[in-house]
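K.L.:
Have a look; sequence and predicted model below, questions after that.
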Amino acid sequence: MKNNSSITTIEGIHYYSGKCIKVTIKNERILSVKEIRENKNIKQIIAPGLVDLQINGYKGFDFNKRALNKEEWDNVIQFLIKIGITTFFPTIITNSFEKLCEIFEKNMETLKNTNMYNGIVGGFHLEGPYLSPFDGPRGAHKKKFIKPPNWKEFCNIQQSAQGQIKMITLSPEWDDSISFIEKATKSGVKVFIGHTKANSSQIHEAVKAGAVLSTHLGNGANLTLPRHPNYIWDQLAEDSLWTSVISDGHHLPSNVLRVFQKVKLDKLILVSDSVALTGKPPGEYLTSIGGEVTLTPSGRLHLKNNPNLLAGSAQSLLQGIQRCINQGITSKAEAIKKASIYPAALMDLFVKEGLSNNALADIITINTEGDEWKIEKLFKKGVQML
């Protein structure tokens, strides 16, 4: 890498074309992307920065237990940079109205003074509390806090978050869902369908009202469903509805991921849905949501006394990309797009422009040799962070 004043150049292999390229960055943007002569010494891949729409915690930092202080935000962001994340949306899940307001308000007291860490924190994802009250679809969300959508209440929570709730996951099975979805969409908040037991009509009406994505489809669901119709088929059948999946090798079998990919194509997004134990060594832990849990060497996180029940995802988005490739779900280029270009397109982030002239320089370089990929360099708005 050469650095001359505000000009930076990177050489590597284009993640999509496979050609050797030189990327020139000037200030915040990509000045040029040019093919260069093949060089066998160049092995790192150059790709757009990763965008994680759903992350509950990482490396011991839990976004739901309480608000993080400045030092904790500094640390968790540094950890996420090391796995290629240039934009992420901390996910706050179902809790009491008072606790949700407190978490958002205290987090924003820190984040507003950092300019959301130059946009690395893209905003928040509120998952709940307007979810299905039934066992199975509700998942690990506490039943006592589950309730019907309430627009006035949400506006108060959004005020605590200073308008930084960019997306909300809800179930359209409630009577007030459609009105809520319309109002949220009009306000600029993306509405996702998840943790739902909604019927075909309710899902279709939710999409017509503005719902844009299925949250971790195939999870947060009943163990047994009718052959047809059911809410998984219903969501897959909605052409305009994007789908996010957890490709950690534990939440969904590879054959299900293959079917989702065939149906949704460039509307299929990878998310980590990682919890605070992600990046921690295998062992037994006590968590605020799952209680006593076991993290296995393979990265599977389950309840200590019931290995059949998952206690969340304990793998990163970067690991999800690798598993998607290793399981033969998609090509390497497509897997990277599903964790960068596509989620950025949904959220209208500059990363959607990819590696193109005048695009915002959110860029990573990846060493793909060996069993685990390693992020070698990361640029956020042209500033080298790693």
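P.N.:
All right, it came through fine. Numbers count the residues shown, from 1 in each chain.
K.L.:
List the buried residues in the helix ranked longest in the chain.
P.N.:
Counting residues, the longest helix found in the chain (DSSP state H) is helix 97-111. Neighbour counts over helix 97-111 (16 or more other CB atoms under 10 Å) mark 97, 100-101, 103-104, 107-108, 110-111 as buried. Using the backbone N, CA and C atoms, a C-beta is placed for each residue, glycine as well.
K.L.:
cool, stretch 44-63 as well?
P.N.:
44-59, 61-63.
K.L.:
repeat for stretch 161-170
P.N.:
The neighbour-count check on stretch 161-170 (16+ other CB under 10 Å) flags 161, 164-170 as buried.
K.L.:
Also stretch 17-30?
P.N.:
20-25, 28-30.
K.L.:
circling back to that earlier point, okay if I get the buried residues of helix 97-111 as JSON lines plus distance to residue 122 and pLDDT?
P.N.:
As requested, the buried residues of helix 97-111 are exported to JSON lines (distance: CB to CB, whole Å; pLDDT from 0 to 100):
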{"residue": "97", "distance to residue 122": "24", "pLDDT": "98"}
{"residue": "100", "distance to residue 122": "19", "pLDDT": "98"}
{"residue": "101", "distance to residue 122": "21", "pLDDT": "98"}
{"residue": "103", "distance to residue 122": "17", "pLDDT": "98"}
{"residue": "104", "distance to residue 122": "15", "pLDDT": "98"}
{"residue": "107", "distance to residue 122": "13", "pLDDT": "98"}
{"residue": "108", "distance to residue 122": "14", "pLDDT": "98"}
{"residue": "110", "distance to residue 122": "16", "pLDDT": "97"}
{"residue": "111", "distance to residue 122": "11", "pLDDT": "97"}
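K.L.:
will you turn the residues you listed into TSV that also has distance to residue 268?
P.N.:
Shown next, in TSV, are the buried residues of helix 97-111 (distance: CB to CB, whole Å):
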residue	distance to residue 268
97	34
100	30
101	34
103	30
104	30
107	30
108	32
110	34
111	30
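K.L.:
what's the closest of those residues to residue 223?
P.N.:
In terms of CB to CB, no member of those lies closer to residue 223 than residue 100, at 29.0 Å.
K.L.:
From residue 155, how far off is that closest one?
P.N.:
13 Å (CB to CB, to the nearest Å).
K.L.:
Need the overlap of contacts for these two.
P.N.:
Overlap of the contact sets of residue 100 and residue 155 (by CB atoms under 8 Å, 6 or more residues apart in numbering) is empty.
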